[in-house]
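have a look; sequence and predicted model below, questions after that.
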Amino acid sequence: MKVLVKGAGVAGLTAAFELATRGAAVTVAEARPSLGGNASWFAGGMLAPWCERESAEQPVVDLGRDAADWWDTVTPGQVTRAGTLVVAAPRDAGELDRFASRTSGHRRVDEDEIALLEPDLAGRFRRGLLFPGEAHLDPREAMAALHDRLVAMGVEFHFGADARHISGFDRQIDCTGMAAEDDGLRGVRGEMLILRTPDVSLSRPVRLLHPRFPIYMAPRTNHRFMIGATMIESQSAGPVTARSMMELLGAAYALHPTFGEAEIVETGVGVRPAFPDNLPRVETSRDTVAINGLYRHGFLLAPAMARQAADLIFNQDRSKETCS
């Protein structure tokens, strides 16, 4: 079976892998000139289904609980399994209690244990929540590793390509996100910063709760930290706004004052596709299957949605063989 995957974001790459492992001849067509630059490129890379339950529905936990295992198997060495630490300033202790009441898979930690987990945060927070079963990865490195794995498996990539002009395939998977023709989608703008400082070290993503602008900080290599992310109902992909910049930097400073001296090495904006219920969908129309609506859970939910899409395509193919 020959399958065309439209889009080389996290949904397209994971779908290509699931199809290729089942024996399909896969071609990936991407409108951008190279890997990256899409919403997946600006993601946090947190594989944190239990934390996400604070604002998401139960299916996000159910679909995402095996994501770390999938990424660890497919892209060895990319996943860090150190959990997630959630903290709040003493004046925002109520936010921590609210977060705990809406989630599971955590245990409470005190000031001493926070200092053991993250020595550079010693003395800064009295209470927190540790989600030990969660993990994280660097989205850009994971996407590059998955791309290389796919090439080694024989998957063909066409960058700078208009998929409408590519034919000769038995099936198609549409993973084009906001570019897809779906009236039910809306854009959710997420803004992020990457800071660099050698004076702070973190072993795991840290979420700082705040009534107005909660943030997460995910450690990267080379003393870099990704800070995000806003959730603005907008399809604008323009530069980071001054207000968002101030809020993100203010929250980083609240986490540790040393970030006030950090270098801002990058700002970025990703417009994430979402359906009204903020849950992803795998939908079919004739010979096309669409994966969309991953919202803020791209790396967390893409493996499960890719499996669903591959199951659907191969079940359809077997049904046609039976009918004939």
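Everything's here; your move.

dihedrals phi and psi, Leu185?
phi -80, psi 150 (degrees, to the nearest 10).

no no, Met192
Note on Met192: its backbone torsions stand at phi -140, psi 160 [degrees, to the nearest 10].

okay, and the beta partners of it?
Here Met192 sits in beta bridges with Gly228, Gly268, going by DSSP bridges.

tally of neighbours for it?
23 (other C-beta atoms under 10 Å). Every residue, glycine included, has its C-beta placed from N, CA and C.

pretty sure it contacts Gly45?
No - with contact defined as C-beta atoms under 8 Å, Met192 does not reach Gly45; the gap is 11.0 Å.

identify the contacts common to those two.
Both Met192 and Gly45 are contacted by Met226, under the criterion C-beta atoms under 8 Å, 6 or more residues apart in numbering.

so what's Thr197 closest to, chain neighbours aside?
Once flanking residues are discounted, Thr197 sits nearest to Ala262: 3.8 Å by C-beta to C-beta, 6 or more residues apart in numbering.

quick one: residues contacting the one you found.
By C-beta under 8 Å, 6+ apart, the neighbours of Ala262 are Leu195, Arg196, Thr197, Val200, Phe225, Ala252.

can we see that at 10 Å?
By C-beta atoms under 10 Å, 6 or more residues apart in numbering, Ala262 lies in contact with 193-200, 223-225, 227, 249, 252-253, 256.

what's the answer for Ala39, then?
By C-beta under 10 Å, 6+ apart, Ala39 lies in contact with 9-11, 139, 177-178, 187-190, 237, 268-273, 294-296, 298.

with Pro139 instead?
Contacts of Pro139 by C-beta under 10 Å, 6+ apart are 9-10, 36, 39-46, 78, 218, 220, 226, 298-299.

Ala56 now?
Pro49, Gly64, Arg102, Asn278, Leu279, Tyr295, Arg296, His297, Leu300, Leu301.

next, give phi and psi for the fourth one.
Asn278 adopts backbone torsions of phi 60, psi 20, taken as degrees, to the nearest 10.

so how far is Glu95 from it?
21 Å (C-beta to C-beta, to the nearest Å).
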